[in-house]
Each structure stands twice: as C-alpha cells, then as structure tokens.
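> quick one, fold the following:
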Amino acid sequence: MRLSDQGLFVLAAQTTTFGIYLRGRMCTLMKQQDSSLKYLEQVRQHMSRLPGIDPNTRSLLLCGYPNVGKSSMMNILTKADVEVQPYAFTTKSLYVGHMDYKYLRWQVLDTPGILDRPLEERNTIEMQSITALAHLRAAVLYLVDVSEQCGYSLAQQAALFHSIKPLFANKPVIIVVNKIDVRPMEALSESERQLVEEMANEAGRIGGGGASTSGTDEPCLMTMSTLTEEGVMAVKQTACDQLLNFRVDMKISGKRIGDVLNRMHVAVPKTTNGVARPPVIPPSVLAARAANAKHQQKRKTEKDLQEANGGAGVYSADLRKHYDLKDPSWRYDILPEVIDGHNIADFIDPDIDAKLAEIERQEAELDAQHQQEMATVMDTDELTEDQAADLAAIRARKKQIITAHRLRKSSAGNRPVLPAKVGATGKLQAKKLRSALRAMGIDTSAAEQRIRERSQSRGRKRSRSEAGAEHEDADMAEANGSAKKRIHSSKSRSMSRGRALSAAAPRANSGLRDSIMGNKAVKLADKAQRVRNKMAKVGEADRQIPTKMPKHLFSGKRPKGKTDRR
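I've put the predicted structure just below:
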C-alpha cells in the first residue's frame, strides 16, 4: 500500500510527537534518580581517594593505640613520608608504603590509632583500622608504648589487644614493645612484665592456629626504638620470615597441594652394599684452593682506608701518592720542581711586601689631599630664600598644569565636537570683527587684509614647486644626458623633497648595474609592498595573525533556528 503525501505528513507528525514524549519521560526518570546518582558520585570520589592496597601481596600491618610509634616505624621501613606529630590521631587514614625483602616486594600499612571501646562507638577513622585487620591477610605488628608517653598505660594497651584479638585469627601476630630508649624492659615491674608476656603468649597461640607457643622457635615478643632505630630491622626480618612461613604452611595444608606433589619426584640414590658415597673433591683441587687463598692478598681500597682512619668526614684522601714523577720521593716535597730545576719560589720578589706597603701609603696620601681640596670648595648648591620661593611657585604651577591637562584628557571622549564658529575660536572670525567695528564707525579694510595674509597656507607655493622641479629636472637632464622619470609618485614629503634621490647612481658594490636598474628595483619593492599594505602588514617580518574566530560570534549557547551567520 502506498501512502499519499498527506498520510506521510500525518505519520511524520505522530513519530515526532512520540519522540518528544520519550525524551520527556527519560528526563523525568533521571530527575527522580537524581539523589541516588549524586550519592554514587560521592562514593566514587571517596573510593578514588583511598590508597591502592593489593590484598594478595605480602603485607605488614601496624596497629595499636595512637602515638605508640606506628608512623615512625613506617617511615623507617619504607620510603613513605607519613606525618609524625606528638598528638593523637595524626594519622587519619590508611597509608601504604613499599619495601624489599629477600628480592620480594612487600607493602607496609600504617593504620590510624584504635581506642578501647565498643564497636558501635568507634568513629570512621578507627573503623578503617578495624576493616584492614578483618579483611587483609598480613602479619600483624601490635605496637606497645612501654614508656606510656602516648597517654595510655600498659594495662589499657593490653585490654585493647584482648578486645580486638578475634580480628587476628589465622594471621601471624608479633607484640612489638617500642620506646625502650626511654624505659627499658628491665625497668618494668612484675605486674607490667606479666601483662606483656600474656599478650605475647596469646599472640603466639593465635598465630599458631590455637596451639601454644612453648614448642615453637618463632618469637612473638620483640623490642625496638624508632628514635634510635634499635631493633627495627630485627622486627622487620622476623615479621617477614614468619609471614613467608605462614603462607607456605597455608599452601601445604590446602587442597591444591596434592595436584602439585603428584607432578614432583625427588630421586634419591640408593646405597650399594651399605657403603655411603658422599660428594668428593679431589685433593689437588683442595691444595690449589688453599695455595690461592694463602698467596692472594686483598688490595686495600680507599673505602677500606677511610674506615680504618676515622671514617667519612675525618679521613682525607692522599692524592699525592698517585703523582707520576721521575723521582717518587718528590711527591711529598713542599715546593716540587716544575721545569728546568726551578720552582715557584724562584719567581717570587722578596721585596714585594715593601713595595705593596709603599703603594698603599701613596694612595692614602692622595686620598687625604683630595679630601682637603673638596673641603675648601664652596658649596654652590644652596639656594637663597627668593630662589627657593620662585622654585616652589614654579613647581606648584607645573602641578596645576599637569592636573588640568589630566582632567581635560580624561573627559575628552565625553565632550561633543563643535564647529569652529561655535567653539572658542569662533569669537575671532573676520565677519564678526567687521560687523562689530563698522557699527562703531571704524574702517576694517586694513585689519581684514592682515587676516587674509596670515591665513594663507604656510607650505611652499605651487609656482615655486613647479619652478624648483623644472630646475632640478633640468640639472638632472644636463648631468645624465637625458631626462629622468620620477620613481616615487605618491610618497611623503621627506621622499619628495629631493627628486635627485630617486635617480641617484647606485652605491658601490650594491649589486646594481646602473641607475636604471636601481629605479627598477625601487619599483619592484613598491609593488611587493602593496600586497602587505592591503593586508595591513608592517613589512615582511610582520607575522601577526588576526583573530579568525571572533568570540561574540562563536561563544554562548546556540538557540534554535538558522545558524548561517556562524
């Protein structure tokens, strides 16, 4: 069936109406979801600010009360620069640093401080630490401030450990006693020592999967000082080794280890007739090794000499021992010979000090003489009272003139342009002068004649120009044998004053054969300049590009309708 033109028009109108309805409906739905979309945008921005933590890599997690030394330990172990301040909750979010141990990449997490209170009372900063402890498979280092400078006692720190120990399940845990430089472990009382040992035993039980730590060799209690860095590297090595062993044990106890063991086979040689056959090194090889070790002497380097003579900053390298001289004994001479048996001392004038003192004495005498002459000269810069008054009046008048000129200049654009007969000069017209004086019976013919003479053009007369031009053309014709045509026909007065300039002979070594070629070059230069004159260019070096897209034509929202003018 073929639709008529009217049917096509009705169908197009219905389609357009349906499209408008769909677009309106979509806008309404988006407006209804506006609050949800804004919340998603806030969540996206918050997640973009979170640090990038890899949950599968080897990690060390630092936790404990505020101000126990977590951020200081983080700065020592990694290249991170976490802010350290002597007040609580300096660290308000998770910080991630990286380090290397046994050719492996490790990440160290610094968590905000945790307070001993119920979970529902903890704020957002504390919940970040709780979340990290609950979801990351890492070695947990629980830091304890033995000096109690953080503001919390050992009993409070032990209570916090026992309250959050469910989060340490299936993780290696180490109790790290910090700030032993202020208060060593030997200074603790029996009750405080018992609290620390209870935390260590509980940490070993948790890290060992519920077993007691009495039969294990892995330490769960370590001491250090982040101020003197004593024991920090030992804590790092112990924590990393425990985590590596823990990860290996977890893989062995898993279900996938069977598939791996089925593919592995270790061949063990069997003994024959009960005779053991250990690895054997020939005696000649052992003798050669011993001889090489005996005769081989290690060459001392500059670093070895530096360490043996006081270290860096104290040891001074001896550069003279490398001097390549004919006689090695000359190396440490005070003034070694430089050429032909002479040295610098042979060229020093022994009377140089006396001559220098004589020159300084003469200079002092000349300076004193100059000062005496300047003291006798009369000071002519002082003004009399009348001169000072005249100078003040001149300066005041100058200031008034400048102020008046600035006022006229600032308001010049607002003043209307008036014809001469209406303005200030209109009062001096000859017509007004004639009517005013004749009314008084005065003859004004002489005054009018004087006005006409003064009002004549001050430029040179046409007759004098023509006469001068004819005279100059005649002179040029006589000099060159033929009349020269003027090259510049419409130039400024400075170019038209001397017509002989355009027909002058070219300079020496200018590349022009004669004056005719020079005139032709001038014409070509004028012709080339016409294109730049049309484009408002100053010259060949003018590379200015005018605005091709005016802002008033290409900015703003484009309304419905024609856009041809754009």
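
> which SSE is residue 141 in?
Per DSSP states H and E: residue 141 is located in strand 139-145.

> ok, residues contacting that strand?
Here strand 139-145 makes contact (CB atoms under 8 Å, 6 or more residues apart in numbering) with 59-65, 67-70, 73, 133, 152, 154, 157, 161, 168, 171-179, 196, 199, 203, 235, 239-240, 242-243, 246. (Glycine included, C-beta is placed from N, CA and C.)

> go on, stretch 361-371?
Contacts of stretch 361-371 (CB under 8 Å, 6+ apart): none.

> any idea of the mean pLDDT for that stretch?
For stretch 361-371, mean pLDDT rounds to 92.

> quick check: which element contains the nearest residue to residue 521 once chain neighbours are set aside?
Once flanking residues are discounted, residue 521 sits nearest to residue 512: 6.5 Å by CB to CB, 6 or more residues apart in numbering. Under the criterion DSSP H and E, no helix or strand holds residue 512.

> buried residues, stretch 140-159. List them.
140-148, 150, 152, 154, 157-158 (16 or more other CB atoms under 10 Å).

> ugh, wrong one, I meant stretch 163-170
164-165, 167-168.

> and that stretch, how far from the chain's centre?
Averaging C-alpha positions (CA atoms, centre = their mean, to the nearest Å) puts stretch 163-170 46 Å from its chain's average.

> so what touches that stretch?
Contacts of stretch 163-170 (CB under 8 Å, 6+ apart): 63, 114, 116, 130, 133-134, 137, 140, 202-203, 206-207, 209.

> and residue 278, how many neighbours?
4 (other CB atoms under 10 Å).

> just say helix, strand or coil for it.
Classification of residue 278 by DSSP: H, G, I helix; E, B strand; the rest coil places it in coil.

> quick one: it from residue 517, how far?
Note on residue 278: its distance to residue 517, by CB to CB, to the nearest Å, is 108 Å.

> with residue 179 instead?
On the measure of CB to CB, residue 179 and residue 517 end up 97 Å apart.

> these two - which one has more neighbours?
Taking other CB under 10 Å, residue 179 and residue 517 do not tie; residue 179 has more neighbours (24 against 12).

> wait, the more buried one sits on residue 227?
Yes. Using CB atoms under 8 Å, residue 179 is in contact with residue 227, at 7.4 Å.

> roughly how far out does the strand holding residue 141 sit from the chain middle?
On CA atoms, centre = their mean, the centre of strand 139-145 falls 39 Å from that of its chain.

> next SSE after the least confident helix or strand in the chain by mean pLDDT?
Using mean pLDDT, DSSP states H and E, helix 493-496 stands out as the lowest-scoring helix or strand of the chain, at a mean of 44. For helix 493-496, the succeeding helix or strand toward the C-terminus, using DSSP H and E, is helix 515-534.

> can you tell me which helices and strands that following helix packs against?
In terms of contacts (3 or more CB pairs under 8 Å, 6 or more residues apart in numbering; DSSP states H and E), helix 515-534 is not packed against any helix or strand.

> pLDDT of it, averaged?
Helix 515-534 shows a mean pLDDT of 83.

> in that helix, what's buried?
Applying 16+ other CB under 10 Å to helix 515-534 flags 518-519 as buried.

> starting at the chain centroid, how far to it?
How far helix 515-534 lies from its chain's middle: 52 Å, per CA atoms, centre = their mean.

> separation between residue 184 and residue 141?
Distance, residue 184 to residue 141, by CB to CB: 20 Å.

> equivalent analysis for residue 557, please.
From residue 557 across to residue 141, the span is 60 Å (CB to CB).

> now residue 437: closest residue in space, sequence neighbours ignored.
Counting by CB to CB, 6+ apart, residue 437 lies nearest to residue 444, which is 4.7 Å off, once chain neighbours are set aside.

> residues contacting the one you found?
Counted by CB under 8 Å, 6+ apart, residue 444 has contacts 433-434, 437-438.

> next one: the residue most central in space within the chain from residue 72, what distance?
With distances taken as CA atoms, centre = their mean, residue 81 lies nearest the centre of the chain, 19.2 Å away. Distance, residue 81 to residue 72, by CB to CB: 12 Å.

> sorry, back to before: buried subset of the contacts of residue 444?
residue 434.

> next, format the contacts of residue 444 as CSV and append secondary structure.
CSV is the format used below for those (three-state DSSP):
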residue, secondary structure
433, helix
434, helix
437, helix
438, helix
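
> which of the contacts of residue 444 sit farthest apart?
Pairwise distances across the contacts of residue 444 peak at 9.4 Å for 433 and 438 (criterion: CB to CB).

> what sits against the residue sitting furthest away from the middle of the chain?
Centroid-distance maximum for the chain: residue 441 at 89.1 Å, with CA atoms, centre = their mean. If a contact means CB under 8 Å, 6+ apart, then residue 441 has no contacts.

> so it is in which element?
Assigned by DSSP H and E, residue 441 belongs to no helix or strand.

> tell me how far it lies from residue 407.
According to CB to CB, residue 441 stands 44 Å off from residue 407.

> same check, this time on residue 231
Residue 231 sits 82 Å away from residue 407, going by CB to CB.

> neighbour-wise, which of these two wins?
Of the pair residue 231 and residue 407, residue 231 is the one with more neighbours under other CB under 10 Å, namely 18 against 10.

> next, the more buried one: phi, psi?
Residue 231 adopts backbone torsions of phi 80, psi 0, taken as degrees, to the nearest 10.

> residues in contact with the closest residue to it other than its chain neighbours?
Leaving aside its sequence neighbours, residue 231 sits nearest to residue 224 (CB to CB, 6+ apart; 3.4 Å). Contact analysis of residue 224 by CB under 8 Å, 6+ apart lists 73, 176-178, 180, 230-232, 234-235.

> for PyMOL, write the select line for the buried members of those.
In PyMOL, this line selects whichever of these come out buried by 16+ other CB under 10 Å:
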select buried, resi 73+176+177+178+180+231+232+235
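
> mind putting the contacts of residue 224 in JSON lines, pLDDT included?
Shown next, in JSON lines, are the contacts of residue 224 (pLDDT from 0 to 100):
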{"residue": "73", "pLDDT": "90"}
{"residue": "176", "pLDDT": "92"}
{"residue": "177", "pLDDT": "92"}
{"residue": "178", "pLDDT": "91"}
{"residue": "180", "pLDDT": "90"}
{"residue": "230", "pLDDT": "89"}
{"residue": "231", "pLDDT": "90"}
{"residue": "232", "pLDDT": "91"}
{"residue": "234", "pLDDT": "91"}
{"residue": "235", "pLDDT": "92"}
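
> now, among the contacts of residue 224, which is nearest to residue 386?
residue 73 (85.8 Å).

> re the thing from before, from residue 117, how far out is the residue farthest from the centre of the chain?
Taken as CB to CB, the span from residue 441 to residue 117 is 119 Å.

> the helices in the stretch 51-200 of the chain, which residues?
Secondary structure of the stretch 51-200 of the chain (DSSP state H, counting those that start in this stretch): helices at 70-77, 124-135, 154-164, 190-207.

> show me the shaky parts of the stretch 201-350 of the chain.
208-217, 335-344 (pLDDT under 70).

> hey, where'd the helices end up in it?
Using DSSP H, counting those that start in this stretch, the helices of the stretch 201-350 of the chain run over residues 232-252, 257-261, 283-295, 302-308.
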